[in-house]
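Peer 1: The following block contains a protein sequence and its predicted model.
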Amino acid sequence: MTYAVSEIRSAGRRRKRRLSHAAIEPWLYLSPAIVLLVVVLLVPLIVGISYSFRKFSAFKSEYVGLGQYQAMLSDQVLGQALVNTLWWTVASLFFQFFLGLGLALLLDKPFIGRKLVQAVVFLPWAVPSFLSGLTWAWLFNPIIGPLPHWLYALGLKAEPTNILSDPATAMWGPIVANIWFGIPFFAITLLAALKSIPSELHEAAAIDGASPWQRFTKVTLPFLAPTIVITVMLRTIWIATFADLIFVMTEGGPAGSTSTVPVYIYVSAFKSLDKGYASAVAVLLLVLLIAYAVALIAIRRTLVRHV
């Protein structure tokens, strides 16, 4: 009897050890990635937030509490940068999405030379953003670029001048460049989502007499909706934090007409050398984007339940 009890207890201890090893083993495999994420993402985030509570000068820093955040309330330049960021993000996203959706619908249909068209369509996404900005800045230059002369020939401009030098039109330069740069992202992701829609649904809708528009709105769009939400969310965050094109093409000028929040953060940190205030503005942008992402994720969950 005593031997049986000891055997049962021994078996129980061995089972607990196996379970503990099984629970620890996945974390051992994940540990390199976790360490990398902590070092690359979490540590800089904590340091950046801590900087927002300090005031930096040439040789020292001091704790100012919420002083940097209070300064933002009266910063008119930041207010204009927020408006510019909203305009830059919404305009870029609108055209990127609808042009990308149109390309995805086109590439979903069989036609001669489709693979070649796919390669050409996806090419802008592979071009470095610095090179894209430089190329488009040249295209808008009336001395070496054709675009000002085309706009003049179409009657859209009174003379072939550089739109990047006019505060009223300067933002359209980076927006056009960003539209060209970002269309492939939506085309790729939405084309993949279109390929996952069962063809039987379209066939059944056609047999029932549904028009092409009805098949798109009643079959295609509901299946695309979850993908659309997540791609729009990701692209919005990327555009709102994207400073490369603007800085290469205009450096936030003229007269701050193209200065977005990321550009303002860069200028505050590395030109004005006010790292504390730049960190506070970055925290503000982070909070706004987190709120936006949470709202979009909630919408996506609702759409998934109804599909």
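Peer 2: Arrived safely, thanks for sending.
Peer 1: From now on I want contacts and neighbour counts done on CA atoms only, so please keep to that.
Peer 2: Fine.
Peer 1: how about low-confidence regions in the stretch 101-250 of the chain?
Peer 2: Low-confidence segments of the stretch 101-250 of the chain, defined by pLDDT under 70, are absent.
Peer 1: the helices in this structure, which residues?
Peer 2: Taking DSSP state H as the criterion, the chain contains helices spanning 2-37, 43-51, 67-73, 76-107, 114-126, 129-139, 147-153, 172-195, 199-207, 212-215, 221-240, 244-249, 261-266, 275-306.
Peer 1: Give the rounded mean pLDDT of the longest one.
Peer 2: Confidence for helix 2-37, expressed as mean pLDDT, is 66.
Peer 1: could you measure the residue sitting nearest the centre point of the chain against residue 61, distance?
Peer 2: The structure's the chain has its C-alpha centroid closest to residue 238; by C-alpha atoms, centre = their mean the separation is 2.0 Å. Taken as C-alpha to C-alpha, to the nearest Å, the spacing of residue 238 relative to residue 61 amounts to 32 Å.
Peer 1: Check residue 138 too.
Peer 2: Going from residue 138 to residue 61 by C-alpha to C-alpha gives 42 Å.
Peer 1: Which one of the two is surrounded by more residues?
Peer 2: residue 138 (17 against 13; other C-alpha atoms under 10 Å).
Peer 1: Not including adjacent chain positions, what is the nearest residue to that one?
Peer 2: Residue nearest to residue 138 in three dimensions, not counting chain neighbours: residue 145, with 5.6 Å by C-alpha to C-alpha, 6 or more residues apart in numbering.
Peer 1: quick one: that neighbour and residue 135 touch, right?
Peer 2: No. Counting by C-alpha atoms under 8 Å, residue 135 is not a contact partner of residue 145; they are 9.4 Å apart.
Peer 1: Quickly list the domain ranges of the chain.
Peer 2: With automatic domain parsing as the criterion, the domains of the chain are listed as 2-51, 72-303.
Peer 1: can you list those domains in CSV and add distance to residue 57?
Peer 2: Shown next, in CSV, are those (distance: least, C-alpha to C-alpha, whole Å):
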stretch, distance to residue 57
domain 2-51, 12
domain 72-303, 7
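Peer 1: most neighbours per residue, which of the ones you listed?
Peer 2: Stretch with highest mean neighbour count among the domains of the chain: domain 72-303 (a mean of 17; mean count of other C-alpha atoms under 10 Å).
Peer 1: Could you name the stretch from the domains of the chain that's closest to residue 65?
Peer 2: Within those, the stretch nearest residue 65 is domain 2-51; the backing value is 9.8 Å (C-alpha to C-alpha).
Peer 1: contacting residues for residue 246?
Peer 2: With contacts defined as C-alpha atoms under 8 Å, 6 or more residues apart in numbering, residue 246 is in contact with 133, 174, 252, 258-259, 263.
Peer 1: From residue 186, how far out is it?
Peer 2: Taking C-alpha to C-alpha as the criterion, residue 246 is separated from residue 186 by 21 Å.
Peer 1: where does the residue nearest to residue 138 fall, phi/psi-wise?
Peer 2: Main-chain torsions, residue 145, degrees, to the nearest 10: phi -110, psi 150.
Peer 1: And residue 169, by the same measure?
Peer 2: Note on residue 169: backbone dihedrals following degrees, to the nearest 10 are phi -120, psi 0.
Peer 1: circling back to that earlier point, can you convert the helices of the chain into a markdown table and add a column each for distance to residue 165?
Peer 2: What follows is these, written out as a markdown table (distance: least, C-alpha to C-alpha, whole Å):
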| stretch | distance to residue 165 |
| --- | --- |
| helix 2-37 | 42 |
| helix 43-51 | 34 |
| helix 67-73 | 28 |
| helix 76-107 | 16 |
| helix 114-126 | 25 |
| helix 129-139 | 11 |
| helix 147-153 | 12 |
| helix 172-195 | 10 |
| helix 199-207 | 50 |
| helix 212-215 | 43 |
| helix 221-240 | 22 |
| helix 244-249 | 10 |
| helix 261-266 | 18 |
| helix 275-306 | 27 |
